[in-house]
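need a 3D model of the following:
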Amino acid sequence: MKEIAIFAGGCFWCMVAPFDEQPGIQQVLSGYTGGQTVNPTYEDVMSHKTGHTEAVEITFDPTIISYQELVDIYWQQTDPTDAMGQFQDRGDNYRPVIFVTGEKQREIAEHSKSQLEASGKYKKPIVTMIEEASVFYPAEEYHQNFYKKNPARYEAEQQERQAYEKENRRDGV
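Next up is the predicted model:
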C-alpha cells in the first residue's frame, strides 16, 4: 500500500533526511511543484519566473506511518511564520506549503495548522499555505539524497536552521 505526501519548506536538500529516516517511507524525491512551467530545471526555478516551489514528494505506507505523523514531522522542519522563504533561503521558491492530494489530507493539514496556531509556539502568525497538489517534477539527480552525498554541508545547513528556529520561537527551546 502506498500514498503520496508533498511538502515545501525551504531548500529541498534539508527536507529529505527527516522523512527518509522514518519507518514506512518508501521514497523521498526532491523536486519542483506548484508552478506553470513544464519540466522546470533548477536554474528555471531559481529565476523566480516559473511559480514553482522546491518540495519533497514522499511515497509512504500509511499502514506503517500516517499522514498525520508526516505533517507533524513537517512542522519541525520549517519556519511556518515566513511566507517568502525559509531560514537563509529567500524567495517564493522556498515558501512553506503543504500540498494536499485529497480532502482527507486537507482536513488533517488544516487541523494540524490550527493546533499549531493555537499553541502559541511562535511569535508571529502561521502563514504556511495548504494547497491542492499539482504536477511534481523531480529535480536533477545531483539534488537527490543531498544529505547523503554532502554530509558536511547538510550539517551546516541544519545548524543554521536550528539557530534561526530557536531565535524565533516564543518558548526559546
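
from now on I want contacts and neighbour counts done on CA atoms only, so please keep to that.
Fine.

tell me if Trp75 really is in a helix.
Yes - per DSSP: H, G, I helix; E, B strand; the rest coil, Trp75 lies within a helix segment.

how much space between it and Glu103?
20 Å (CA to CA, to the nearest Å).

now do Tyr42
Counting by CA to CA - Tyr42 and Glu103 are separated by 30 Å.

okay, these two: which has more neighbours?
Each of Tyr42 and Glu103 has its neighbours counted (other CA atoms under 10 Å); Tyr42 has more, 14 against 10.

from what I see, that one and Pro138 are in contact.
No - counting by CA atoms under 8 Å, Tyr42 does not reach Pro138; the two are 10.1 Å apart.

remind me which residues of this protein are low pLDDT?
85-91, 154, 164-173 (pLDDT under 70).

so which residues of it form helices?
Ranges of helices within the chain are 17-20, 42-46, 67-77, 103-119, 146-149, 151-168, based on DSSP state H.

can you name the residues in contact with the fifth one?
Contacting residues not belonging to helix 146-149 are listed as 13-14, 16-17, 153-154 [CA atoms under 8 Å, 6 or more residues apart in numbering].

excluding chain neighbours, what is closest to Lys2?
Of all residues not flanking Lys2 in the chain, Asp61 sits nearest, at 4.6 Å (CA to CA, 6 or more residues apart in numbering).

can you tell me how far that neighbour is from His111?
From Asp61 across to His111, the span is 22 Å (CA to CA).

repeat that for Arg153.
Remark: distance between Arg153 and His111 (CA to CA) = 35 Å.

then Ile4?
To His111, Ile4 is 19 Å away according to CA to CA.

ok, those two, which is more surrounded?
Using other CA under 10 Å, the more surrounded residue of Ile4 and His111 is Ile4, with 16 against 13.

who's in contact with the nearest residue to that one once chain neighbours are set aside?
Leaving aside its chain neighbours, Ile4 sits nearest to Thr59 (4.7 Å; criterion: CA to CA, 6+ apart). Contacts for Thr59 (CA under 8 Å, 6+ apart) come out as 2-5, 25-28.
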